[in-house]
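Peer 1: Show me how the following folds:
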Amino acid sequence: MKKIFTLVAILPFSISTTLFAQTSKQSRTSKQNKAVHERVINADFSKTAGPLNTMFKECVGAGRANEGLRADWQQQLAYVKKECGFKYIRMHGLLTDDMAVYKEDSKGNPVYNYMYVDALFDFLQSIGMKPFVELGFMPWSLASGNQTIFWWKGNVTPPKDYEKWGALIKNLTEHFTERYGADEVKTWYFEVWNEPNLSPGFWTGTQQDYFKLYKYAAQAVKSVNKEYRVGGPGTAGAAWETEMIDYCQKNNVPIDFISTHAYGVKQGFLDEYGQGGTVLAKEEFAVSGDVLQSRKEIAASPMPNLELHYTEWSASYTPADPIHDSYHEASYVLQKLKQVGNAANSMSYWVFTDIFEEPGPRFEPFHGGFGMLNTQGINKPVFYSYQFMNRLGNIELANKDSASWICKDSSGNIQALVWDFTNTHPGDSVHNQKYYIQDLPSKSKGKLKINITGVPDGIYALEVYKVGYRNNDAYTSYIDLGRPQQLTKQQVEQIKKQNDGSPVAKEIITIKNRVPVIKELELRENDVFFLNIIKL
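Peer 2: Okay, here's the model as predicted:
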């Protein structure tokens, strides 16, 4: 050090200044490289941000009510409920003819029947779930036309008689009250129809026709009990929100919540049979930006305290998009939920299972279906994102990192859920259907350092879980098998075993004198880490 100091001291001013500038530049470059290659997350056990917002597990979607009568559907829902903690479930087709709800006798008098509905809702009650009741589609005996949607032919026309429509909803609501009790039904939600702005896809009438449909349904629900919650319009793309509020306010029509949908791809809203191409949007706030805007619109409306429920959302709106199967979906979902913050009362992932027949029964085990589980019950990467969120403690620690949650629970356990979301999609030049079916290795994002100070002294078990490329990545395991059109029983078990959610590392750590808990990990694009620190 002395020699260097002497050398610099005797150099001409201009040379020594140049050396200082070069040294400073190298120092800045080193710091920049460190910033790029090392991500540090700091938290303090004693500094909290408040209760964890659990809107992410309020509700989850399913295809249609009749699918809920299947044994495998029920088994998968019970599993997802147990692991992910969802409270409500929303599905189409409660009033369609395959649920045998409504017909008319020879004189045109209504005949009601709820045996299938009871079987489904009784099952939901048995596993501790509640229905987010979507009122649709139109029973054929009540329909004004024959326009349908999906393989299972849900009738999407207005009622031929709005009084009979209102009477059906009132009778159904009375039945729910008699069977489950008013106190229970007060905790439910009643949503009128699905995506009526997509005409003629989901609704052949006009916006005013929908408002009329809503009015009769909402008044029918409230006539049974004013405390029952009803809302809509359940639109695609955050549409009709202000119009809905204005209509209800001006016409004294009851409304308790706004519902709508958002998906993170370009090129439209409806792909009924999964035949179109999609492109993952590059915008940083795709999906989440819609939610934030919806909250702003409600806040600026004559009814600023309405609840906001996104009753469908995902990366893509088509039942044939391989991003749903990809490990990229796991970090995508976490990123969007984190960005939404407390703007929504619920964000209902569409859907929990590939037992989903909008385009008809599927012939491949991995076909880009919406589900968190495939038809055979194989966990997709996105399933683990929801499982990890459900394992977070109820108190969130203060944390400036934008892609993580650090939490603790009443027992002194600590949980860290950390991810990288990198949109690697090449852009408009290629569809998701071509890009996400490939084997897509992830690139390094450098070091991840998690630093938690103030942890009480004691002995802790540290478990590390991981989702990412070839980690709980069932689709890549399927690629390794050669993408067979049908999986054997042994192949299903093999994929499940390879992607069973087991910890990738375990260790026992001892904390003395409140020395920080520091964990360093190698982070790749779209990796998800869950650290569970259990006090022994």
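Peer 1: domains of this protein?
Peer 2: 39-51+397-535, 55-394 (automatic domain parsing).
Peer 1: measure the shortest one end to end?
Peer 2: One end of domain 39-51+397-535 sits 26 Å from the other (Cα to Cα, to the nearest Å).
Peer 1: Ok, the longest one next?
Peer 2: Counting by Cα to Cα, the length from the leading to the trailing residue of domain 55-394 is 12 Å.
Peer 1: repeat for stretch 506-526
Peer 2: End-to-end distance for stretch 506-526, by Cα to Cα: 22 Å.
Peer 1: Equivalent analysis for stretch 81-94, please.
Peer 2: Using Cα to Cα, the two ends of stretch 81-94 sit 21 Å apart.
Peer 1: Report how many residues lie close to residue 401.
Peer 2: Residue 401 sits with 16 neighbouring residues when counted by other Cβ atoms under 10 Å. (Each C-beta comes from the backbone N, C-alpha and C, glycine too.)
Peer 1: ah, wrong one, I meant residue 250
Peer 2: Neighbours of residue 250 under the rule other Cβ under 10 Å: 9.
Peer 1: circling back to that earlier point, could the domains of the chain go into TSV alongside mean pLDDT?
Peer 2: Formatted as TSV, the domains of the chain follow (pLDDT from 0 to 100):
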stretch	mean pLDDT
domain 39-51+397-535	97
domain 55-394	97
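Peer 1: Just name the most buried of those domains.
Peer 2: Ranked by mean neighbour count, the domains of the chain are led by domain 55-394 with a mean of 20 (mean count of other Cβ atoms under 10 Å).
Peer 1: How about the secondary structure of the closest residue to residue 388 other than its chain neighbours?
Peer 2: Nearest residue to residue 388 in three dimensions, chain neighbours excluded: residue 530, at 4.2 Å (Cβ to Cβ, 6 or more residues apart in numbering). Secondary structure state of residue 530, per DSSP: H, G, I helix; E, B strand; the rest coil, is strand.
Peer 1: and the nearest residue to residue 240 once chain neighbours are set aside, helix, strand or coil?
Peer 2: In space, residue 240 comes closest to residue 233 once its chain neighbours are excluded; the distance is 4.8 Å by Cβ to Cβ, 6+ apart. Using three-state DSSP, the secondary structure recorded for residue 233 is strand.
Peer 1: tell me the contacts of residue 233?
Peer 2: Shown in contact with residue 233 (Cβ atoms under 8 Å, 6 or more residues apart in numbering): 192-193, 196-197, 210, 214, 239-241, 244, 258-260.
Peer 1: Helices along this structure, start to end?
Peer 2: 2-10, 13-37, 71-84, 115-126, 162-180, 182-185, 207-224, 241-251, 288-299, 328-340, 381-391, 432-435, 474-480, 489-498 (DSSP state H).
Peer 1: Out of the contacts of residue 233, which is nearest to residue 471?
Peer 2: residue 260 (34.2 Å; Cβ to Cβ).
Peer 1: Please look at that closest one and residue 306 and confirm they touch.
Peer 2: No - assessed by Cβ atoms under 8 Å, residue 260 is found out of contact with residue 306, at 11.9 Å.
Peer 1: Select, out of the helices of the chain, the one closest to residue 145.
Peer 2: Nearest of the helices of the chain (Cβ to Cβ): helix 207-224, 11.8 Å.
Peer 1: now the angle from the closest one to helix 241-251?
Peer 2: 60 degrees (axes from the mean of the first three to the mean of the last three Cα atoms, to 10 degrees).
Peer 1: Confirm for me that residue 244 is in contact with residue 234.
Peer 2: No - here residue 244 lies out of contact with residue 234, judged by Cβ under 8 Å, at a distance of 9.9 Å.
Peer 1: Stretch 429-444 spans what distance, first to last residue?
Peer 2: First-to-last distance for stretch 429-444 - Cα to Cα - comes to 25 Å.
Peer 1: Could you check what's spatially nearest to residue 478, not counting adjacent residues?
Peer 2: Nearest to residue 478 is residue 366, by Cβ to Cβ, 6+ apart, at 5.2 Å.
Peer 1: To clarify, my last question referred to residue 418.
Peer 2: residue 404 is the one closest to residue 418 (Cβ to Cβ, 6+ apart), at 4.1 Å.
Peer 1: doesn't residue 421 make contact with the one you found?
Peer 2: No - judged on Cβ under 8 Å, residue 404 makes no contact with residue 421 at a distance of 11.3 Å.
Peer 1: tell me the contacts of the residue nearest to the spatial centre of the chain?
Peer 2: Closest residue to the average C-alpha location of the chain: residue 349 at 3.1 Å, with Cα atoms, centre = their mean. Residue 349 makes contact with 60, 61, 313, 314, 333, 372, 382, 386 under the criterion Cβ under 8 Å, 6+ apart.
Peer 1: same question, residue 61
Peer 2: 89, 90, 91, 311, 312, 348, 349, 350, 351, 352, 370.
Peer 1: 6 Å instead, please
Peer 2: 90, 312, 348, 350, 351 (Cβ atoms under 6 Å, 6 or more residues apart in numbering).
Peer 1: Can you lay out those as a markdown table showing distance to residue 201?
Peer 2: Below are the contacts of residue 61 laid out as a markdown table (distance: Cβ to Cβ, whole Å):
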| residue | distance to residue 201 |
| --- | --- |
| 90 | 18 |
| 312 | 14 |
| 348 | 20 |
| 350 | 16 |
| 351 | 18 |
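Peer 1: Of those, which is the nearest to residue 76?
Peer 2: For the contacts of residue 61, the nearest to residue 76 is residue 351 (10.6 Å; Cβ to Cβ).
Peer 1: I'd say that closest one and residue 59 touch.
Peer 2: No - assessed by Cβ atoms under 6 Å, residue 351 is found out of contact with residue 59, at 11.0 Å.
Peer 1: between the two, what contacts are shared?
Peer 2: With Cβ under 6 Å, 6+ apart, residue 351 and residue 59 have no common neighbours.
Peer 1: that older thread, which one among the contacts of residue 233 gets closest to residue 128?
Peer 2: Comparing those against residue 128 with Cβ to Cβ places residue 259 closest, at 22.9 Å.
Peer 1: hang on, the earlier thing: just the ones of the contacts of residue 61 in strands?
Peer 2: Among the contacts of residue 61, the ones falling in strands (DSSP state E) are 90, 312, 348.
Peer 1: In CSV: these, plus distance to residue 498.
Peer 2: Converted to CSV, the ones in strands among the contacts of residue 61 look like this (distance: Cβ to Cβ, whole Å):
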residue, distance to residue 498
90, 32
312, 31
348, 30
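Peer 1: Got the phi and psi for residue 94?
Peer 2: When quoted as degrees, to the nearest 10, the phi and psi of residue 94 stand at phi -60, psi -30.
Peer 1: Find the residue closest to it in space, skipping its chain neighbours.
Peer 2: Counting by Cβ to Cβ, 6+ apart, the residue nearest residue 94 is residue 65, at 4.7 Å.
Peer 1: That neighbour touches residue 95, doesn't it?
Peer 2: No - the pair residue 65 / residue 95 is not scored as a contact, 8.5 Å apart, by Cβ under 6 Å.
Peer 1: what are the ranges of the strands in the stretch 401-536 of the chain?
Peer 2: Ranges of strands in the stretch 401-536 of the chain, per DSSP state E, counting those that start in this stretch, are 404-408, 414-419, 444-453, 458-467, 505-511, 517-524, 528-535.
Peer 1: closest one to residue 326 among these?
Peer 2: With Cβ to Cβ as the criterion, residue 326 lies closest to strand 458-467 of the strands of the stretch 401-536 of the chain, at 11.1 Å.
Peer 1: That closest one: how far from the chain's middle?
Peer 2: Here strand 458-467 is found 26 Å from its chain centre; the criterion is Cα atoms, centre = their mean, to the nearest Å.
Peer 1: same deal with stretch 454-465?
Peer 2: Mean-position distance between stretch 454-465 and its chain equals 30 Å (Cα atoms, centre = their mean).
Peer 1: which residues sit against stretch 300-308?
Peer 2: Stretch 300-308 has contacts (Cβ under 6 Å, 6+ apart) with 245, 249, 257, 258, 294, 295, 298, 344, 345.
Peer 1: Thank you, goodbye.
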